[in-house]
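Peer 1: Below is the structure, and that's it, no one-letter string:
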Ligand code: HEA
Ligand code: HEA
Ligand code: CUA
Ligand SMILES: [Cu+2]
């Protein structure tokens, strides 16, 4: 079918949405519609998130006592490995791109679908197969080498299910690559007439940058994992000094991907935050171009700092110093984003809805996480902190406080668009606040623990009973945090069935996905031809605030939605 | 290709619903293809980097090991692949000219070349297996390898693959080099040429599918772009070999 | 009942510099957290929907502002970088004169050897104020020697030597941890550094020290014995011969190889020459030397190295060790190790099997 051939079929309200177009299971499992695939992804990553969280709960419970409660050391190692592997490869990396990105990129740029819909479906299948293999590996005994799989522990010494897990990560990598290729082709060539690069929502820019990282980095880690598999199978000797190899080479190859991968995790989140802050401040994102370019800067610079994970690995001091320097430089584009978001609120008209609370939480937590990253980027401070809970705290601040918070904010923001229902605003705000409080209680004590010298991946710390208090605090916090994460799972699911119908644009947001589609988009996304004339974020705070003058009693700017 | 599946409908619209027009579709395909090739470059890049590191570290040894590889067979394969790149390029040329018969002919030639390549590779791999140079449990190198070989075949009657290699290159040379490093070299050799071989197989599948669709007059294929893209992929596969050949077969002393 | 410690003890010279750096970074971090926190809070309150704030003439971008919030952090960041990098380079400088300790990490214990032959597991006795230099290697996977109270850490990698140095400034017991995940009992690969006054140390040497070394051979002497036992001497004599080059004076000498490479003989090179002698062949020789990989343990390699160092004369890095004894020579009352009666027994005791990890656990 070509462009103009799509007729505006039925009348408003009667129209079939992408959700109701077809009800069979088959129509879901074989769908090539990007919105349906996004929903499939949302379901799958949620499952993995809760699986990973279960492991986190177990870790926290175990650590309340210096000698542990339930687990053997081996079981503990398998637990944190499962936690890390699931959370990174099966939850956080696909989280925002594969759900929100998948759903929104075509809508935001005025395309009827991604460039390669079948590739998109393939991506989900690869992900699912990988996920099943990973779970299988964990059921068949688990892995104990951590998510970093350092050789030669992973290649020769560990006799757990490493091969299977690496295979799973490898396949998940291909799922990631297919998504990346798809996004790049889509963003380059499928933009509606008038949608120039600098009218793109920053969410799209962030995904473009992410996709570049994916296609440059993921293949490297994929082949590295394959080499480890071969090493296990054939005793090759690429990473094992016994056989003539170099164990540190693995770390280079691994971090060449895995450092940029942390930006795969956080850049899409930053994209979400740009949308949320501007919508609820009723202001265009301040310094749009700087925010867009900073995403690209992060994506490219991100490839030159991998050695900061290896300061003490026996790489040369000079190399370490160079990596340290570049890591400091890399912090600047993130700073640019933070300050631009803050300034976006200036002269805004700020509405504290659930997604905005998440966005504000993100700002606070990401800044703490990022700034503690500086302690680690500083080669001098890293010597004492590397391998300790300081690292654990740092990356939970950026990944959970940053990326997961952004993800939740995004899900709450676009929930009405995805499913046409409103959730309970009060519960939404409550859970955002609970998460913020619980999160800090969980992970702040870990900074102190790390400074005191508690190494990570330690099951027992009987030799240092004075550390216990911080572990207990952290576990207490994680319980609060767990409640904060479970609440949305309940009220969002509930809203699917019982929530009030959402209006077309409950937040009064700008952007093609809100303004040009049906309340819940139809399968073809748009029933008319899209031509873009307005710039992105065409908000007006002054107008918005006028609505608050005495003659208006109700809160009018954000129509609809219970709160 | 026993019976025609239903989904090839010659009257269907060649433009998928998500595209405005054929131009947009083609441009998108090309961007997608290049993005894919970037991932391929990075994929092999990691291996080449690893190779470079060890070659630099174990220069002398690598020189000795490489004598186990037949530069003549490798050379034949290089020629075959270069030839196939030519036929692939011609296929695109004829596709643009809409000379379908020639186009298909060239594609068939390319596939034949690919099979030829795999045939030679089979001989090479086979000889390595016979010499216990595949890095599995029975891997041996150096004097011990000769003993193992002679025990298996007797000194006068080597296996078929070895015979072919010997015809071309003379009897396999007496090895030197540190046996402790040999496994590394041959692992890298098998990993890299193996991965390349997988790409050749994928190429054959793609070419076959392409010919099938052209013959069935599938609407999405009437244009030259699909041919060009598969050939682009094929050129990439060739290019990888152009690097592999000197790195493995032509190591200077 | 509960205590809330916020700082580990400052037990080394470096720890002081480190903490300065750490809290300096913290000042920067707190400052920027406050800047962002206060900015966001103030704006959120002032411009909350419905507030009476002035919203006229907003601006959407300003290059001046962009510069003003990216350049100062950049300058601060680079300043921070220089501070930390210079400190780090200082910290990684190995002292000229130090008690040399050889560390072998293995799943899941630390094995430490003093030059004078004392061998300890998961415990290191050392003297306050005296620099310690560790030369470390792993026998299996990667470990990390982590001494939080000295703010010192470095990875312990199989197949290569790494170094770590610290100068204790306080007597007492300090933690020695493994900070790199190394398998099942990673969290039990812990021990302690016992820093003593010179007098206590001397007492310890006299009483307990030798408990760990029933045979009390210095490392170099043990190496010498090994050298004979393993038949190295059959080829390596006092001068270069047709069979093999001499090892006298090897350390610090430049070696030329048949593939054109050149190397100055150091720990790394000597170890490679013993376990994998064929990577680099000296000019004029062939690969006749057997590879001792798998036939000798890392401990034995260290002993051999100490011996070869001891016959390397002034070229060796630490002259005190050249005599093969008394690395802690400045310590009064230390008579040096006695020669043992049962040499074979001693060589055995260097093997991994002998060391049970439970004994020295705190
Ligand atoms: C989403 C994931 C994410 C993100 C975004 C980051 C962001 C950063 N990370 Fe982090 N990191 C991880 C995830 C992430 N990290 C993980 C998972 C690990 C552990 C892996 C493992 O070993 O298991 C890790 C480990 C890690 C290390 C290795 C530590 C070690 O093992 O020894 C280092 C070292 O340099 C580091 C540094 C940084 C830096 C400099 C940033 C920067 O990008 C941060 C930039 C942001 C800011 C700086 C804040 C905003 C700026 C301002 C408010 C202005 C003021 C700024 C200045 C004065 C400069 N990280
Ligand atoms: C996206 C990534 C992500 C996320 C979301 C989390 C979430 C959490 N993580 Fe995770 N973590 C990692 C990524 C992540 N982590 C990585 C990569 C590692 C490194 C692994 C390695 O070293 O290899 C790690 C390691 C790690 C450690 C260090 C283990 C060690 O080194 O020994 C700890 C310890 O406290 C921890 C805790 C937590 C907690 C409390 C949460 C909380 O946010 C979770 C909150 C949720 C709940 C508390 C549960 C919700 C409730 C249920 C599912 C119902 C059932 C629950 C119970 C019965 C308890 N994590
Ligand atoms: Cu050794 Cu951890
Ligand atoms: Cu990093």
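Peer 2: Okay, I see it. What you are looking at is a predicted structure, and each value in this text was computed from that prediction instead of being measured. Ligands and ions are numbered 1, 2, ... in the order given.
Peer 1: For the residue sitting nearest the centre point of chain C, list each beta-bridge partner.
Peer 2: Of all residues in chain C, the one closest to the mean position by Cα atoms, centre = their mean is residue C:164, 2.9 Å from it. When bridges are called by DSSP bridges, residue C:164 pairs up with residue C:134.
Peer 1: My understanding was that it contacts residue C:150; is that so?
Peer 2: No - using Cβ atoms under 8 Å as the test, residue C:164 is too far from residue C:150 to be in contact (9.3 Å). For glycine as for every other residue, the C-beta is placed from the backbone atoms N, C-alpha and C.
Peer 1: and the residue of chain B nearest ligand 2?
Peer 2: At 22.1 Å from ligand 2, residue B:46 is the closest residue in chain B, using Cβ to the nearest ligand atom.
Peer 1: So that residue is in contact with residue A:217, correct?
Peer 2: No - between residue B:46 and residue A:217 there is no contact under Cβ under 8 Å: 10.2 Å.
Peer 1: for the residue of the stretch 201-350 of chain A found nearest ligand 2, phi and psi?
Peer 2: Across the stretch 201-350 of chain A, the shortest distance to ligand 2 (Cβ to the nearest ligand atom) belongs to residue A:265, at 7.2 Å. Phi and psi for residue A:265, reported as degrees, to the nearest 10, are phi -80, psi -40.
Peer 1: show me the contacts for it.
Peer 2: A:88, A:92-93, A:95, A:399, A:403 (Cβ atoms under 8 Å, 6 or more residues apart in numbering or on different chains).
Peer 1: Could you pull out the buried residues of the strand or helix carrying residue B:31?
Peer 2: In the assignment (DSSP states H and E), residue B:31 maps to helix B:22-57. Neighbour counts using 16 or more other Cβ atoms under 10 Å in any protein chain shown place B:22, B:24-44, B:46-48, B:50-51, B:54-55 of helix B:22-57 among the buried residues.
Peer 1: One more: stretch C:193-203?
Peer 2: C:193-196, C:198, C:201-202.
Peer 1: The helix or strand hosting residue A:477 close to ligand 2?
Peer 2: Using DSSP H and E, residue A:477 falls within helix A:468-498. Yes - using Cβ under 6 Å from any ligand atom, helix A:468-498 reaches ligand 2 at A:474, A:478, A:481-482, A:485-486.
Peer 1: Which one (most neighbours) among those?
Peer 2: When neighbours are counted by other Cβ atoms under 10 Å in any protein chain shown, residue A:481 leads these with 27 neighbours.
Peer 1: For that residue, which non-adjacent residue is closest in space?
Peer 2: residue A:438 (3.4 Å; Cβ to Cβ, 6 or more residues apart in numbering or on different chains).
Peer 1: what about the helix or strand that neighbour falls within and ligand 2, any contact?
Peer 2: If you go by DSSP H and E, residue A:438 is part of helix A:425-452. Yes - counting by Cβ under 6 Å from any ligand atom, contacts between helix A:425-452 and ligand 2 involve residue A:442.
Peer 1: Quick one: work out the angle between that helix and helix A:468-498.
Peer 2: Going by axes from the mean of the first three to the mean of the last three Cα atoms, to 10 degrees, helix A:425-452 is angled at 160 degrees with respect to helix A:468-498.
Peer 1: Just the mean pLDDT for helix A:425-452, thanks.
Peer 2: For helix A:425-452, mean pLDDT rounds to 95.
Peer 1: Please apply the same query to stretch A:537-544.
Peer 2: 83.
Peer 1: Span of it from start to end?
Peer 2: 14 Å (Cα to Cα, to the nearest Å).
Peer 1: What residues of that stretch count as buried?
Peer 2: For stretch A:537-544, a neighbour-count test (16+ other Cβ under 10 Å) marks A:537, A:539, A:541-542, A:544 as buried.
Peer 1: which among these gets closest to residue A:427?
Peer 2: residue A:544 (25.7 Å; Cβ to Cβ).
Peer 1: Distance of that closest one relative to ligand 3?
Peer 2: To ligand 3, residue A:544 is 57 Å away according to Cβ to the nearest ligand atom, to the nearest Å.
Peer 1: In this model residue A:283 seems to touch that residue, though I could be wrong.
Peer 2: No - assessed by Cβ under 8 Å, residue A:544 is found out of contact with residue A:283, at 9.2 Å.
Peer 1: Between the two, which contacts overlap?
Peer 2: With Cβ under 8 Å, 6+ apart, residue A:544 and residue A:283 have common neighbours residue A:349.
Peer 1: on that earlier part again, tell me who's in contact with the residue nearest to the centre of chain C.
Peer 2: Per Cβ under 8 Å, 6+ apart, neighbours of residue C:164: C:133-134, C:136, C:145, C:152-154.
Peer 1: 6 Å instead, please
Peer 2: Each residue near residue C:164 by Cβ atoms under 6 Å, 6 or more residues apart in numbering or on different chains is listed here: C:134, C:145, C:152, C:154.
Peer 1: Confirm the second one sits in a strand?
Peer 2: Yes - secondary structure of residue C:145, determined by DSSP: H, G, I helix; E, B strand; the rest coil: located in a strand.
Peer 1: can you tell me which helix or strand residue A:409 belongs to?
Peer 2: helix A:405-419.
Peer 1: Would that helix count as contacting ligand 2?
Peer 2: No - judged by Cβ under 6 Å from any ligand atom, helix A:405-419 and ligand 2 are separated, with a smallest distance of 9.3 Å.
Peer 1: rewinding a little: pull out the buried residues from the helix holding residue A:438.
Peer 2: A:427-432, A:434-436, A:438-452.
Peer 1: and the angle for that helix with helix A:405-419?
Peer 2: 160 degrees.
Peer 1: I'd like the distance between the residue nearest to residue C:184 when sequence neighbours are not counted and ligand 1.
Peer 2: In space, and not counting its chain neighbours, residue C:184 is closest to residue A:74: 4.9 Å by Cβ to Cβ, 6+ apart. Noted for residue A:74: a distance of 20 Å to ligand 1, by Cβ to the nearest ligand atom.
Peer 1: is it fair to say residue A:74 lies in a helix?
Peer 2: Yes - applying three-state DSSP, one finds residue A:74 inside a helix.
Peer 1: What about residue A:157, how many residues nearby?
Peer 2: 17.
Peer 1: Low-confidence regions, the chain specifically.
Peer 2: Assuming you mean chain A. Low-confidence segments of chain A (pLDDT under 70): A:1-14, A:548-563.
Peer 1: other chain: chain C
Peer 2: C:1-2, C:209-216, C:259, C:313-362.
Peer 1: can I see the domain layout of it?
Peer 2: C:99-212, C:219-360 (automatic domain parsing).
Peer 1: and among those domains, the most buried is which?
Peer 2: The highest average neighbour count among those, using mean count of other Cβ atoms under 10 Å in any protein chain shown, belongs to domain C:99-212 at a mean of 22.
Peer 1: Surely residue A:384 is in contact with residue C:151?
Peer 2: Yes - contact criterion Cβ atoms under 6 Å: residue A:384 and residue C:151 qualify, at 4.2 Å.
Peer 1: Quick one: residues contacting residue A:294.
Peer 2: Residue A:294 neighbours (Cβ under 6 Å, 6+ apart): A:333, A:336-337.
Peer 1: And for residue A:85?
Peer 2: residue A:147.
Peer 1: That one and ligand 2: what is the separation?
Peer 2: 7 Å.
Peer 1: backbone phi and psi for that residue, please?
Peer 2: Torsion angles, degrees, to the nearest 10, at residue A:85: phi -60, psi -50.
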